[in-house]
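Visitor: Need a 3D model of the sequence below.
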Amino acid sequence: MELDLSADELLSTTRAVRHRLDFSRPVPWRLIGECVDLAVQAPTGRNRQRWHFVVVTDAKRRQALADVFRRAVAVVDPVASRLSHRDMQRMTMHSGSMTRMTSGFQHLYDNIHRVPAIVVPCVEGRTDGASVLAQSMTWGSILPAVWSFMLAARARGLGTVWTTAQGPLEREMAQVLGVPYDEVMLAAFIPLAFTLGTEFRPARRIPRDQVLHRDHWSG
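Guide: Numbering: from 1, shown residues only. Below is the predicted model of the structure:
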């Protein structure tokens, strides 16, 4: 099913879907393949095309990933979890946004084993301890492809949410998936399912003048 969305609608309504994932409907492999076909049209540094998509639909393997997911989110990384005063201001600018986000996370945590497909995008090469240049070249080659995958999924009535649950226990998750950890990074952990309803609205964001800088940094 292709949704009748303009480019602007697609870009502004591709949400992080948690509460509205339909756990009862399997995702056809054909649709997943179509999303990957569009994903790999994204720009890639030096045309190296180091991207891979491991998509898990098998129930036992999804359960194994769910077990790792739940243990991983309990691991506290003091650097990654650090929030600045401005972070907190932006996160709480709109009433109820934190409550909805927390509720959505809890719903996903409780039901992660029920998600019909789990997408783990990967990229060849590791950036552990690498320079900013090396990191940007590697991540800049996988992130556009994953976002294209998520947009393609939205256009087909599918919901996604980028999570970093693979991070704390990446080596263990790689083992579950048979990914050669020393050569390949797991970039994200993305639930994929049809959505309950297809109508989504643009999110409330901070004003443009707080993020758009003309000619030089200001404020």
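Visitor: For this structure, which residue occupies the most central location?
Guide: For the chain, W162 is the residue whose C-alpha lies nearest the centre (CA atoms, centre = their mean; 1.7 Å).
Visitor: Tell me which residues touch that residue, please.
Guide: W162 makes contacts with A16, V146, M150, A188, I190, as judged by CB atoms under 8 Å, 6 or more residues apart in numbering. No exception for glycine: its C-beta is placed from N, CA and C like everyone else's.
Visitor: Specify the local secondary structure of H52.
Guide: Reducing the assignment to helix, strand or coil with DSSP: H, G, I helix; E, B strand; the rest coil, the entry for H52 is strand.
Visitor: So what does the residue nearest to it when sequence neighbours are not counted have for phi and psi?
Guide: Beyond its immediate neighbours in the sequence, the residue positioned closest to H52 (CB to CB, 6 or more residues apart in numbering) is C122, lying 4.3 Å away. The phi and psi torsions at C122 (degrees, to the nearest 10) take the values phi -130, psi 160.
Visitor: number of nearby residues for C122?
Guide: Applying other CB atoms under 10 Å, we find 21 residues neighbouring C122.
Visitor: mind checking pLDDT for it?
Guide: C122 carries a pLDDT score of 98 in this model.
Visitor: Do a quick rundown of the strands in this protein.
Guide: Residue ranges of the strands in the chain, as given by DSSP state E, are 51-56, 117-124, 158-160, 184-186, 190-194.
Visitor: Ranking these by mean neighbour count, which comes first?
Guide: Greatest average neighbour count among the strands of the chain goes to strand 158-160 (a mean of 27), per mean count of other CB atoms under 10 Å.
Visitor: which outside residues touch that strand?
Guide: Counting by CB under 8 Å, 6+ apart, the neighbours of strand 158-160 from elsewhere in the structure are 14-17, 20-21, 27, 31, 35, 119, 149-150, 153-154, 190-195.
Visitor: what's the answer for stretch 136-156, then?
Guide: Residues outside stretch 136-156 that contact it (CB under 8 Å, 6+ apart) are 1-3, 5, 10-11, 13-14, 31, 34-36, 38-45, 48, 50-51, 53, 119, 121-123, 125, 127, 130, 159-160, 162, 185, 187-188, 190, 192, 200.
Visitor: are any of those buried, and which?
Guide: Neighbour-count burial (16 or more other CB atoms under 10 Å) applied to those gives 5, 13-14, 31, 34-36, 38-39, 42, 44, 50-51, 53, 119, 121-123, 159-160, 162, 185, 187-188, 190, 192, 200.
Visitor: tell me which residues of the lowest-mean-pLDDT helix or strand in the chain are tucked away?
Guide: Of all the helices and strands that make up the chain, the one with the lowest confidence by mean pLDDT, DSSP states H and E is helix 85-91; it has a mean of 87. When neighbours are counted by 16+ other CB under 10 Å, the buried residues of helix 85-91 are found to be R90.
Visitor: can you list contacts of it?
Guide: Taking CB under 8 Å, 6+ apart as the criterion, the residues outside helix 85-91 that touch it are L83, S97, M98, I206.
Visitor: Out of the residues you listed, which comes closest to R171?
Guide: Proximity of the contacts of helix 85-91 to R171, judged by CB to CB, is greatest for L83, which lies at 26.8 Å.
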